[in-house]
Every structure is written in structure tokens, then in C-alpha cells.
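Chemist: Based on what follows, work out the 3D shape:
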Amino acid sequence: MVRRLPIYLLLDCSESMAGEPLEAVEVGVYTMLSALKKNPYAIETAHLSLITFDAKARVVVPLTEVTAINPPALSIRPGTSMGAALDLVQESINKEVVKTTADNKGDYKPMVFIMTDGQPTDDWHSPAARLRSVRPHLAQIYAIGCGEEVDFETLSQIADVCIHIKSLSPESMAKLFVWLSASVQSQSASPDTALSLEKKIPLEKGMELIDSARPPKFSGQNQRLFFHVACSKTKKHYLMRYRFEQSSSLYTPESAIKLPDDFFGDGAKKTPPTGTDLLSDILDCPYCGAQALGKCGFCDHLFCVDPASARAKVVCPVCETTLSMAEDSGPFSIAGSQG
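Modeler: Numbers count the residues shown, from 1 in each chain. Predicted coordinates for the structure are as follows:
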């Protein structure tokens, strides 16, 4: 029996990854699989599993030989349930990886890559403790933090090695998956080696090794805001994304992104309310172009408003209540998603 090298990719698909970052991850997974399918060592030994985590953790691809995997489509959801992902990968390893016995050699030690751009929104302490209790024998775990808001204090308690990529640009994501591809190919060629990957395969430019014994302090301040909004004309939903600017003490707009029809925005945990006076501008609706924002007093949902309708009656696109819009109602409080 051929001994397999199990590779588990845990991908953050929370709202903060919406738009270009998630598209870049999809391209990266496709590129990685294409490279592995051309490598004789990877073809022979590497088996890959994809697990995504947002409000929930899901096995998108169970442990499968690389030649049989078609890159899956990824979609965003609210939440960053890293604790659930840690429990799920441990459960998957226990179920899928062949153990070594007195009579037979089992699979090689699995490699787990956790990719995230933020902080867990669920209880991660208990799953991390369960994982730590068996980690030296269970798997080699790498945590890859992308962007400027990564909680490395948490990741250093989960992973053996932490790597930082400061940018979420498509170029940075491409470099990450080039490194991942090269790492898996190298490990496939010599799966018994104890040398860690970052020592075997030099990190790409823009990637930095984090000292897990002295990880950067995490401020805990919420640097970004995410709001679920419904289009008044189409009733479709979109995500408004804002970033805090120290210089102005305001949240400045980043992007308004269309959400899939099956997006379960109501399942998101809410952040404390933020006054609209702290938003430097309102993002245009990506469906109809409306340039103002309203809030339903009955269901609390946000919806886009055409400024020309400021004095007219409007219908909430979510609960269909008829509302009277004041011409200038002043700032109001809105609760965001945890991202």
C-alpha cells in the first residue's frame, strides 16, 4: 500500500475576505492543484482536503488524491469560526488518515495549513487545547495570517509555525500559493524529513516568519466594519465594508460587494452599534446606484435609498413595511456584522 502525505487546507471564507481576496484564493487553489498534478512525487503521495470556515466549518473536499480534485467554488459567509475548523480538521484526520501499527506503516504525518485574515469569532480555546494535546503526533500545523488585522497571539497558540503576509492583494495571494505548491511538492519528495517547510523552501517576498514565542501584540480594536444592506429596487443584498482611519477618527469606505442569493446574513453575530456620523461617506448601492442609506424601524434592516425619495414613502425591501422618510433625519445607529 502506498503511504499517503495528507494535506489539509483550512480557508477563511468570512466576510472580510469578500471580493478580490476570495477570488485570489480560488485562483491560488486552482494554480496549486495544477502544479501538483504535474509533479510525479505529489501525484504518487499527496492527498488534499479543503475545509472552509465562516459561521460554520465545512469539509468542501474530503481527503482525495490531487489528480481527482476539481477546484471548488468558494463563497463568503459571516463569522470566523476557527474553533469549529480546528475540531473538524482533528475529526477528519482521525477518520481519514491511516495510523501506523506494529504490522504496517500508515500514512505520513499530515500537514495542516490555516489561512485567515482576522480573529476567531467563536470559542477557539477548547479546540486549540484538544489539538495541542495531540499535536506533536497528529500533524504539523502552519498558520498563515494575511493582512494587517491578524491575531497572531491566538494563532501562535494553535500552530507550530506562523507566517505573515501583510497584503491581501491578488499578487500576494499568488506568491503564497506558489510557496504552498513548492512546499507540498518538496514534502512529497521527502515526506520523512523533519525539517520544517520554511527552512526547506525559502519564503516568498512579502512573507514573514513570526516568532511564535513573542508574537505581535493584538490591539483588539475593531479596524473594520461590515454592514448587510438590501437594495430597495431589486431586494438583493450587498455588503458595505469600511476601514478605520486614525488620522480622521472616521470609518472610510472600502467597497460595496454583491452577496449571493443564499447568503444567510441574519446568522451573523452583531457588533455594538456605530453612528452613521462616524462613516465618512455612504457607499453607492452596487445594484441600483442609490447613494443614501435607510434603516427600517420595524425589522432593523438597512436598505439603500434614492436621495430623490427623501420625502417620499418607501417600502422596506426586507419586511415590506411602508415607511415615511424624513428629508434630514440626522445620524442614526447601525449594528454591523463581525465579518
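Chemist: what's near enough to touch the closest residue to Ala290 other than its chain neighbours?
Modeler: What sits nearest to Ala290 in space, not counting adjacent residues and going by C-beta to C-beta, 6 or more residues apart in numbering, is Cys304, at 3.9 Å. C-beta here means a position set from N, CA and C on the backbone, and glycine is covered the same way. Neighbour list for Cys304: Val229, Ala230, Cys231, Ser232, Cys285, Tyr287, Cys288, Ala290, Ala292, Leu293, Gly294 [criterion: C-beta atoms under 8 Å, 6 or more residues apart in numbering].
Chemist: Helix or strand: which one has the first one?
Modeler: Assigned by DSSP states H and E, Val229 falls within strand 224-230.
Chemist: Tabulate the contacts of Cys304 (a markdown table), appending neighbour count, pLDDT and secondary structure.
Modeler: Output for these, formatted as a markdown table (neighbours: other C-beta atoms under 10 Å; pLDDT from 0 to 100; DSSP: H, G, I helix; E, B strand; the rest coil):
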| residue | neighbour count | pLDDT | secondary structure |
| --- | --- | --- | --- |
| Val229 | 28 | 93 | strand |
| Ala230 | 25 | 93 | strand |
| Cys231 | 19 | 94 | coil |
| Ser232 | 20 | 91 | coil |
| Cys285 | 26 | 95 | coil |
| Tyr287 | 19 | 96 | coil |
| Cys288 | 14 | 93 | coil |
| Ala290 | 22 | 91 | coil |
| Ala292 | 16 | 88 | strand |
| Leu293 | 19 | 89 | strand |
| Gly294 | 24 | 88 | strand |
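Chemist: can you list those residues in a markdown table and add distance to Arg243?
Modeler: Formatted as a markdown table, the contacts of Cys304 follow (distance: C-beta to C-beta, whole Å):
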| residue | distance to Arg243 |
| --- | --- |
| Val229 | 17 |
| Ala230 | 23 |
| Cys231 | 23 |
| Ser232 | 26 |
| Cys285 | 20 |
| Tyr287 | 23 |
| Cys288 | 24 |
| Ala290 | 22 |
| Ala292 | 21 |
| Leu293 | 18 |
| Gly294 | 23 |
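Chemist: Which of these sits closest to Pro317?
Modeler: Ala230 (4.3 Å; C-beta to C-beta).
Chemist: just checking, what packs against the strand holding Val229?
Modeler: strand 237-245, strand 250-258, strand 302-305 (3 or more C-beta pairs under 8 Å, 6 or more residues apart in numbering; DSSP states H and E).
Chemist: Kindly recompute the last result at 7 Å.
Modeler: strand 237-245, strand 302-305 (3 or more C-beta pairs under 7 Å, 6 or more residues apart in numbering; DSSP states H and E).
Chemist: if we look at stretch 90-104, which residues are touching it?
Modeler: Identification of contacts with stretch 90-104 by C-beta atoms under 7 Å, 6 or more residues apart in numbering yields 6, 8, 49, 59, 62-63, 106-107, 110, 130-131, 138-139.
Chemist: now these in CSV, with secondary structure?
Modeler: Below are the contacts of stretch 90-104 laid out as CSV (DSSP: H, G, I helix; E, B strand; the rest coil):
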residue, secondary structure
Pro6, strand
Tyr8, strand
Ser49, strand
Val59, strand
Pro62, strand
Leu63, strand
Gly106, coil
Asp107, coil
Pro110, coil
Arg130, helix
Leu131, helix
Leu138, helix
Ala139, coil
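Chemist: Of the residues you listed, which is the most crowded?
Modeler: Of all the contacts of stretch 90-104, Tyr8 has the most neighbours under the rule other C-beta atoms under 10 Å, reaching 27 neighbours.
Chemist: For the helix or strand of the chain with the lowest mean pLDDT, buried residues please.
Modeler: Lowest by mean pLDDT, DSSP states H and E among the helices and strands of the chain is helix 197-200, with a mean of 77. Using 16 or more other C-beta atoms under 10 Å as the burial criterion, the residues of helix 197-200 that qualify are Leu197.
Chemist: swap in stretch 117-136?
Modeler: Asp117, Gly118, Gln119, Pro120, Thr121, Asp122, Trp124, Pro127, Ala128, Leu131, Arg135.
Chemist: Report the mean confidence score over it.
Modeler: In this model, stretch 117-136 has an average pLDDT of 84.
Chemist: who's in contact with that stretch?
Modeler: 12, 14, 16-17, 21, 79-84, 86-87, 90, 141, 146-147, 149-151, 154, 157-158, 168, 269, 338-339.
Chemist: Write a ChimeraX command that selects only the buried members of those.
Modeler: In ChimeraX, this line selects whichever of the contacts of stretch 117-136 come out buried by 16+ other C-beta under 10 Å:
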select :12,14,16,17,21,79,80,81,82,83,84,86,87,90,141,146,147,149,150,151,154,157,158,168,338,339
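Chemist: Go through the contacts of stretch 117-136 and flag which are in helices.
Modeler: Pro21, Met82, Gly83, Ala84, Leu86, Asp87, Gln90, Thr154 (DSSP state H).
Chemist: what two of those residues have the greatest distance between them?
Modeler: Pro21 and Gln90 (26.5 Å).
Chemist: related to what we said a few turns ago, what pairs with the next helix or strand after the least confident helix or strand of the chain, parallel or antiparallel?
Modeler: The helix or strand immediately downstream of helix 197-200 is strand 207-210, counting by DSSP H and E. Counting by DSSP bridges, the strands paired with strand 207-210 are strand 161-165 (antiparallel).
Chemist: Sweet, I'm off.
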